[in-house]
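> Pasting a predicted model and its sequence here:
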Amino acid sequence: MASTDKPSQQIPNVIKFIFGGSAGYFCVGGKAKEHKTSIHVIRAVVTNEGITGLYAGLSAGLLRQATYTTVRMGVYTSLFDWYSREHAQGKPPGFFIKAGLGMTAGAIGAFFGTPAEVSLIRMTSDGRLPPNERRNYKSVFNALVRITREEGVLTLWRGCIPTMGRAMVVNAAQLASYSQAKQFLLSTSYFRDNIGCHFAASMISGLITTAASMPVDIAKTRIQNMKTINGKPEYTGAIDVLTKVIRNEGLFALWKGFTPYYARLGPHTVLTFIFLEQMNKSYKKYVFGDTTSGGGL
């Protein structure tokens, strides 16, 4: 995220939040289930839930993007430009600073996005439950109202800590690795600051992010979807989830479903960064009259 613009030509923070949320909003889709391969996912969902099952939780996914992605991308780009301007003499910060900014942005975004995340997890897993145990939420707003009424408002933030932990890992890996990958690719003679470079850097970022985030994602998902049996919750926390998974299913179970997970996260990462780069570039061109700067990530 180069900070070569003059102070008077910084993209306003409110625009950064709007662009960040829009970039994620354009590429949201149904959430992949936990199956062995992508083909298995599609076949199992269509067989058990019908074709509409592929888009279960879409309204919750859209609300999640409107909250989590808007906040995390807006916070990250704002902090990035602030640090570059105030502490790095206009130069991009180093990798570890980028990772720290990404962790901060992820934690803040996750807090605001947890209610939609809880709804999303429940809605996408509903079809796999026995008919008498299904919650049958009509939409994300119906889910939010019913959860609040039936289980209490704090249930909307169930799993908030592991969700924030996952977001910190994801954002540190995704945002910092994208910036570093892009910087490396541009240092070679094969790439220019265009969509081809953005595509390659974001695919690398998606791969790294998938490997780093799957264990915490498993912990977050199981906590948010757990049931209380005889007054006792299934898990006491993220460490308990990971310990039980390793003990009962083996270490590599933490990366079970890597292919469909990456098949979802990879394209999402690509589209998010490409949209964001293009929106930033267009704003600089048409508002500032600057045709020489790139997207700034």
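That came through fine.

> give the contact list for Arg134.
Applying C-beta atoms under 8 Å, 6 or more residues apart in numbering, one finds that Arg134 lies in contact with Asp126, Gly127. Every C-beta, even on glycine, is put in place using the N, C-alpha and C of the backbone.

> Now with 6 Å, please.
Applying C-beta atoms under 6 Å, 6 or more residues apart in numbering, we find Arg134 in contact with Asp126.

> same thing with Leu242?
The neighbours of Leu242, taking C-beta under 6 Å, 6+ apart as the test, are Ala219.

> again, 8 Å this time
Leu242 sits in contact with Pro215, Ile218, Ala219, Leu254, where contact means C-beta under 8 Å, 6+ apart.

> Scan those residues and report the most crowded one.
Ala219 (26 neighbours; other C-beta atoms under 10 Å).

> Could you say which helix or strand holds that one?
Element membership for Ala219 (DSSP states H and E) is helix 195-224.

> Tell me how far that helix lies from the chain's centre.
8 Å (C-alpha atoms, centre = their mean, to the nearest Å).

> Which elements pack onto that helix?
helix 95-125, helix 160-187, helix 238-249, helix 258-283 (3 or more C-beta pairs under 8 Å, 6 or more residues apart in numbering; DSSP states H and E).

> CSV please, covering these and showing distance to Ile208 and mean pLDDT.
Shown next, in CSV, are the helices and strands packed on helix 195-224 (distance: least, C-beta to C-beta, whole Å; pLDDT from 0 to 100):
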stretch, distance to Ile208, mean pLDDT
helix 95-125, 12, 91
helix 160-187, 5, 89
helix 238-249, 20, 91
helix 258-283, 10, 87
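
> out of those helices, nearest to Gln10?
Nearest of these to Gln10, taken as C-beta to C-beta: helix 258-283 at 10.8 Å.

> tell me the angle of that closest one relative to helix 160-187?
Taking axes from the mean of the first three to the mean of the last three C-alpha atoms, to 10 degrees, one finds helix 258-283 and helix 160-187 inclined to each other by 60 degrees.

> I'd like to know which elements the helix or strand encompassing Asn142 is packed against.
Take DSSP H and E as the rule and Asn142 turns out to sit in helix 140-151. Under the contact criterion of 3+ C-beta pairs under 8 Å, 6+ apart, helix 140-151 touches helix 58-64, helix 95-125.

> Take those and lay them out in JSON lines including distance to Phe141 and mean neighbour count.
Formatted as JSON lines, the helices and strands packed on helix 140-151 follow (distance: least, C-beta to C-beta, whole Å; neighbours: other C-beta atoms under 10 Å):
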{"stretch": "helix 58-64", "distance to Phe141": "8", "mean neighbour count": "22"}
{"stretch": "helix 95-125", "distance to Phe141": "9", "mean neighbour count": "22"}
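
> Quick one: closest of these to Ile223.
Among the helices and strands packed on helix 140-151, the nearest to Ile223 by C-beta to C-beta is helix 95-125 (9.4 Å).

> For that closest one, which helices and strands make contact with it?
When contacts are defined as 3+ C-beta pairs under 8 Å, 6+ apart, helix 95-125 packs onto helix 58-64, helix 70-87, helix 140-151, helix 160-187, helix 195-224.

> Any chance you could list what contacts the second one?
Under the contact criterion C-beta under 8 Å, 6+ apart, helix 70-87 has outside partners 1-3, 7, 10-11, 13, 16-21, 23-24, 90-93, 97-98, 101-102, 104-106, 108-110, 112-113, 167, 171, 175, 272, 276, 297.

> One more pass at 7 Å, please.
For helix 70-87, the external contacting residues (C-beta atoms under 7 Å, 6 or more residues apart in numbering) are 1, 3, 7, 10, 13, 16-17, 20-21, 23-24, 90-93, 97, 101-102, 104-106, 108-109, 112, 167, 171, 175, 276.
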